[in-house]
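Peer 1: could you look at this predicted model? Sequence included:
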Amino acid sequence: MYFNNGKGIAIILPLISVSLLMSIHVYSTEIKVIKKTKLAFTALPEQCVTLRQGRDCFATVALEWQLPSKQSFCLYQQGNKKQLGCWQNNNKMQIKVEFESNKSIKYQLRTMSDNKIIAETKVEVSWQHTNTTRKRRWRLF
């Protein structure tokens, strides 16, 4: 009996130490992720749905961002490489833009000084029905 308990303790102790090390590692990575999420840039709705594939989707998209410090930046629509506006010494903003496209479009926040991308969000376009290539022939009989 003594040997059975000893073997059981010898097996359990390494398992407990491994599980403790794994839980400490998971906890330390969670702290790192929280520190990196200082910038919020969202588009609502994130998805625009059209009836058929290839048709334009129309929506009013609310773009909202919040930066940790005041900066000067511009908002770009990547699909058309179109500048939607610029703001100086600002860290929080909400703007509504008219979305009209048959493809997904990315929106980017870029710094005014060196045109560096600091944040990006995307509006996806999807459809309910795909286009079919077969011809429909109508027959009376």
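Peer 2: Perfect, thanks for sending it.
Peer 1: and the helices in this structure?
Peer 2: All helices of the chain, identified by DSSP state H, fall at 2-36.
Peer 1: low-confidence ranges in it?
Peer 2: For the chain, the stretches flagged by pLDDT under 70 are 1-37, 79-80, 132-136, 141.
Peer 1: could you rerun that using 50?
Peer 2: 1-3, 8-9, 11-37 (pLDDT under 50).
Peer 1: how does it divide up, domain by domain?
Peer 2: 1-37, 40-129 (automatic domain parsing).
Peer 1: any idea how far residue 107 lies from residue 95?
Peer 2: Separation of residue 107 from residue 95 (Cβ to Cβ, to the nearest Å) stands at 10 Å. C-beta coordinates here come from the backbone N, C-alpha and C atoms, glycine included.
Peer 1: what about the two, which has more around it?
Peer 2: The neighbour count for residue 107 versus residue 95, taken as other Cβ atoms under 10 Å, is higher for residue 107 (24 against 14).
Peer 1: how many neighbours does residue 39 have?
Peer 2: 13.
Peer 1: contacts only, for it.
Peer 2: 65, 66, 67, 68, 118, 119 (Cβ atoms under 8 Å, 6 or more residues apart in numbering).
Peer 1: can you list these in a markdown table and add distance to residue 127 and neighbour count?
Peer 2: Formatted as a markdown table, these follow (distance: Cβ to Cβ, whole Å; neighbours: other Cβ atoms under 10 Å):
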| residue | distance to residue 127 | neighbour count |
| --- | --- | --- |
| 65 | 29 | 23 |
| 66 | 32 | 14 |
| 67 | 35 | 18 |
| 68 | 38 | 9 |
| 118 | 32 | 14 |
| 119 | 28 | 17 |
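Peer 1: which of those fall within strands?
Peer 2: 65, 66, 67, 68, 118, 119 (DSSP state E).
Peer 1: in CSV, list these along with distance to residue 83.
Peer 2: Shown next, in CSV, are the ones in strands among the contacts of residue 39 (distance: Cβ to Cβ, whole Å):
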residue, distance to residue 83
65, 16
66, 21
67, 18
68, 24
118, 15
119, 15
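Peer 1: ok, now how distant is the closest residue to residue 55 other than its chain neighbours from residue 38?
Peer 2: In space, and not counting its chain neighbours, residue 55 is closest to residue 102: 6.1 Å by Cβ to Cβ, 6 or more residues apart in numbering. Per Cβ to Cβ, residue 102 is found 35 Å from residue 38.
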